[in-house]
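Trainee: Sequence and predicted structure are below.
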Protein chains: 4
Amino acid sequence: MCRWLTYSGSPILLEELLYKTEHSLIDQSLHARLGVETTNGDGFGVGWYGANTGTPAVFRSVEPAWNDRNLREVAGYVESPLFLAHIRASTGTPVQQTNCHPFRYGRWLWVHNGMVRDFPRLKRDLALAVDESLYTSIEGSTDSELLFYLALTLGLEDDPPGAVERMIGLVEKSGRLHGTEHPLQMTIATSNGRSVWAFRYSSERRSRSLYFSTDMRTVREMYPERPRLQEVSDETRIIVSEPLVELAGAWNEVPESSYGVVQEGEDELRPLRPR
Amino acid sequence: MCRWLTYSGSPILLEELLYKTEHSLIDQSLHARLGVETTNGDGFGVGWYGANTGTPAVFRSVEPAWNDRNLREVAGYVESPLFLAHIRASTGTPVQQTNCHPFRYGRWLWVHNGMVRDFPRLKRDLALAVDESLYTSIEGSTDSELLFYLALTLGLEDDPPGAVERMIGLVEKSGRLHGTEHPLQMTIATSNGRSVWAFRYSSERRSRSLYFSTDMRTVREMYPERPRLQEVSDETRIIVSEPLVELAGAWNEVPESSYGVVQEGEDELRPLRPR
Amino acid sequence: MCRWLTYSGSPILLEELLYKTEHSLIDQSLHARLGVETTNGDGFGVGWYGANTGTPAVFRSVEPAWNDRNLREVAGYVESPLFLAHIRASTGTPVQQTNCHPFRYGRWLWVHNGMVRDFPRLKRDLALAVDESLYTSIEGSTDSELLFYLALTLGLEDDPPGAVERMIGLVEKSGRLHGTEHPLQMTIATSNGRSVWAFRYSSERRSRSLYFSTDMRTVREMYPERPRLQEVSDETRIIVSEPLVELAGAWNEVPESSYGVVQEGEDELRPLRPR
Amino acid sequence: MCRWLTYSGSPILLEELLYKTEHSLIDQSLHARLGVETTNGDGFGVGWYGANTGTPAVFRSVEPAWNDRNLREVAGYVESPLFLAHIRASTGTPVQQTNCHPFRYGRWLWVHNGMVRDFPRLKRDLALAVDESLYTSIEGSTDSELLFYLALTLGLEDDPPGAVERMIGLVEKSGRLHGTEHPLQMTIATSNGRSVWAFRYSSERRSRSLYFSTDMRTVREMYPERPRLQEVSDETRIIVSEPLVELAGAWNEVPESSYGVVQEGEDELRPLRPR
């Protein structure tokens, strides 16, 4: 079981959230509390957008995150207004850089926590459903990357919620075809550098946890000792698969079968309707 | 451009051929003479059969072969009557363990030097032609591994030359379909632990080099300073994509569009007829 | 806090103890029960002697042990009558191959669990105490390797218990000099390919755990489902820093400040007298 | 034989010099022309100062530079007014991150091309000459890092040329003591984030090559196709151990036994006087 987080708002150093909180993502890679596996040592990745929101940069590594010195250097240097980070606990596919999240296609990033059940049996069907022009960009062998390319095939760039709903429908259908009872378990975040979409879904309606920070006043209370965070704007948002710190009222759980959008203007929280 | 070798005959330590010859495979990884790229630093692998020819063991690494200390330890310990080794120079696919040769399926090993041209364009077609039950065993993203699974789909385990001829035919056809003039360039070796098959072919009839050692008297002359090699049997054979040492008369070139079989009884050298 | 084990007796495949027991060493690398850190993901190593007890081979890796495919291949191939294995949880020094155990010098292997406290302060003194001819063989930066070279300097090859007692004395003295109250915490195993010595000591007399298997009848009961182990000789011994399986009466604890010798003839268990 | 470069002047993306020139440093890692070894595949590093010249960030990797995807991402993102880069060809010490250049101490960076001859014999003497408070910061096992700590011990932070001259004197003396005829071969660059010092020296007066770019008009001519470089200031300087591109008049060789300083105000080129 993996862990991920997204940050969007006033530019901050990556290390503020990756290393310097009480129960940071890096700390979670050694000791997760809500997960199935207690260690997430099978790779790490962070993707970030620059000030001028072009193609994001991606840093991925198969070393356990807590040992990666280059990650620490980069996290202490890079300041970003929007980034996604992920720590991996493999559910079977090889530990290699091309299987680390975030996956990137053009301006889009994608992180996933969960799995396609019976993936070896469903894999070929799902791969065939990927658009021919996208197929060749698949580099790794995970279910997570394949879900990304299915969503891209089904319109992610124009209508993210619709594309993910269609992707879910396709996986459910493939599961039924192969006799897999509950084929999909997922929390997913994706971004184009301007907005962030976060999805929570599972075939069996017992999806893995997903939280978002209500408003930055809470976040500021959460990190009283971090002066940089005192200055972030009220629009700043954090979405996480497991709370970074324990603070009463700091986190709202995303409801089962729902998605949220962090965007310019009003944020949204809506039901997810697999098609 | 990669390099590979196969050895079959009296059991020897892997290091005898990997490290201890004048122009060994490891030396070639730093300074190849006949290749296009002068450095083969994109990974390494060796697969060997034990005395009782069951499933072979495989050691693969993304470190340049000349730096891998574990390989040196293992090569100084493992004695084998039949092994295949490979050094990789990537033609574009990622440098990761699952892209290193030899590839293994059951008792079979496979090494390849060359490429499928326009692989990004042909890849999906070729992947779809792999048998459904085999598809899920594909772990990496190379053309080489895909050729292996195509050959397995087309009967490698029962009739290796026939399966490779059909595999070549399939790639040629896919090339024609996508407007790729000369889709295939290859020297390939494969083994089931008892025999070794080595193939030389290219669409344009200018295939990469491939040599075999005529008889062990020559090999003994080649390595006068290696007492262990003085004792190997007359049936011992070495096949290489580039000669290991320069010795007049030591190596025979495999002719264009041909294959050789090293086996119990008489060895064979025959024309290859793509189907 | 690290974990290690030694095996000596009838030759077995490494994987029998590394992977195939209920609470194997590899399993411990993910979930140790008695240790301070719950994850030992900072490297791994195994050193083994061949049938004809010459220089041992060593396989060490910075990957978490549970992900290392080459280790799995080698462990499924190598059969040895005497081997030492180690999983590492760094206490501060870098995660790199030269910091992984076992350390090797000539025919000798060395594994350590524990630490030199205030190592940054004591390191230079200890390094200077290493014999000039040995100094240059130090490759890594750990306290563990330095303890090995101190023991070698102080006569390990001729009198292992005496050398370790003198090494302990030297570290205690250096600790006093620098105002470090309890400078040494250690369980150590060392071997020359014929015997195995295992030491348990700490300045504060609260040493980390150390166990040995009394006799092979117990071990056979421990692994009823492992036919290979049913055939090992009565002289076979296992020493571990944490029990591999929970079986009443299977393990004896090595007493505080003691050492054991597994050797031809009668084994020994004696008090340790730092000099 | 290694390669290095330093850049100081108008902020540019690291990739401008690491990847995007005709004969870039990354290209040199595969095919050096003036070096002894033709491949520099034993690690890579780059250290850069931010706009507000505090502690530099360092990215070092044991992968061959040409394969490191994270390096490519970081190089395409980081813009710096002063950076040092290095590709390594090991002269014997292990390939590990702590042996990769640049070495860092506080605000200082250090890169070295060359070697201490008979290093195994001289190493202990040199290590003992390092100041006790600095000794514990040594992380790797190379001669290069030891030269850095000797220079720091001998006053690098206050008087770089004087400290390097004293360091050279110390190595020469240690060489005489141990009967090593020509103990030192070096080109070295070091920086504190404001100035860059570059040294060329060898005991035998046949030092490895070292070049600097005279003025930025030349550099602009060198890279006509790189619009970003057309805008850099006239004070921008590049120092390299091997020219990046072949352009008549573009490079000046640093004379034997000399050093140069790139600094605010007039640059300097002076003789080096070992003490």
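Mentor: Great, that's in hand.
Trainee: Secondary structure element for the residue of the stretch 101-250 of chain A found nearest chain C, which one?
Mentor: Distance from chain C to each residue of the stretch 101-250 of chain A (Cβ to the nearest Cβ) is smallest for A:Ser141, at 14.0 Å. Heads up, the C-betas are built off the backbone N, CA and C, glycines and all. Per DSSP states H and E: A:Ser141 is located in neither a helix nor a strand.
Trainee: count of neighbours near it?
Mentor: By other Cβ atoms under 10 Å in any protein chain shown, 22 other residues sit near A:Ser141.
Trainee: Pretty sure it sits against A:Gln97.
Mentor: No. Contact between A:Ser141 and A:Gln97 fails when scored by Cβ atoms under 8 Å: they sit 11.9 Å apart.
Trainee: Check the offset of stretch A:118-128 from the chain's centre.
Mentor: Centre-to-centre, stretch A:118-128 and its host chain are 22 Å apart (Cα atoms, centre = their mean, to the nearest Å).
Trainee: do stretch A:161-172 as well
Mentor: 17 Å.
Trainee: which residues in the stretch 151-275 of chain A form helices?
Mentor: A:160-177, A:216-222, A:227-230 (DSSP state H, counting those that start in this stretch).
Trainee: Out of these, indicate the one that is most buried.
Mentor: Of all those, helix A:160-177 carries the top mean neighbour count, a mean of 20, counting by mean count of other Cβ atoms under 10 Å in any protein chain shown.
Trainee: what packs against it?
Mentor: Under the contact definition 3 or more Cβ pairs under 8 Å, 6 or more residues apart in numbering or on different chains; DSSP states H and E, helix A:160-177 sits against helix A:119-128, helix A:143-153, strand A:184-191, strand A:196-202, strand A:258-262.
Trainee: Tell me which residues touch the nearest residue to A:Arg273 once chain neighbours are set aside, please.
Mentor: Leaving out its chain neighbours, the residue that sits closest to A:Arg273 by Cβ to Cβ, 6 or more residues apart in numbering or on different chains is A:Glu165, at 5.6 Å. Residues in contact with A:Glu165 (Cβ atoms under 8 Å, 6 or more residues apart in numbering or on different chains) are A:272-275.
Trainee: mind listing which of the residues you listed are in strands?
Mentor: Assignment to strands by DSSP state E places none of the contacts of A:Glu165 there.
Trainee: which one of those residues sits closest to chain D?
Mentor: Using Cβ to the nearest Cβ, the contacts of A:Glu165 come closest to chain D at A:Leu272, 32.2 Å.
Trainee: Neighbours of that closest one, how many?
Mentor: 18.
Trainee: repeat for A:Val74
Mentor: A:Val74: 24 neighbours (other Cβ under 10 Å).
Trainee: Buried residues, the one helix or strand it maps to. List them.
Mentor: If you go by DSSP H and E, A:Val74 is part of helix A:69-75. Residues of helix A:69-75 classed as buried: A:69-75 (neighbour count, 16 or more other Cβ atoms under 10 Å in any protein chain shown).
Trainee: for the stretch 51-200 of chain A, what are the low-confidence residue spans?
Mentor: For the stretch 51-200 of chain A, the stretches with pLDDT under 70 are A:52-53, A:66, A:90-91.
Trainee: Which residues of it lie near chain C?
Mentor: Taking Cβ under 8 Å from any Cβ of the partner chain as the criterion, the neighbours of chain C within the stretch 51-200 of chain A are A:62-64, A:67, A:69, A:90, A:94-95.
Trainee: Between all of these, which two are at the greatest distance?
Mentor: A:Arg69 and A:Pro94 (23.3 Å; Cβ to Cβ).
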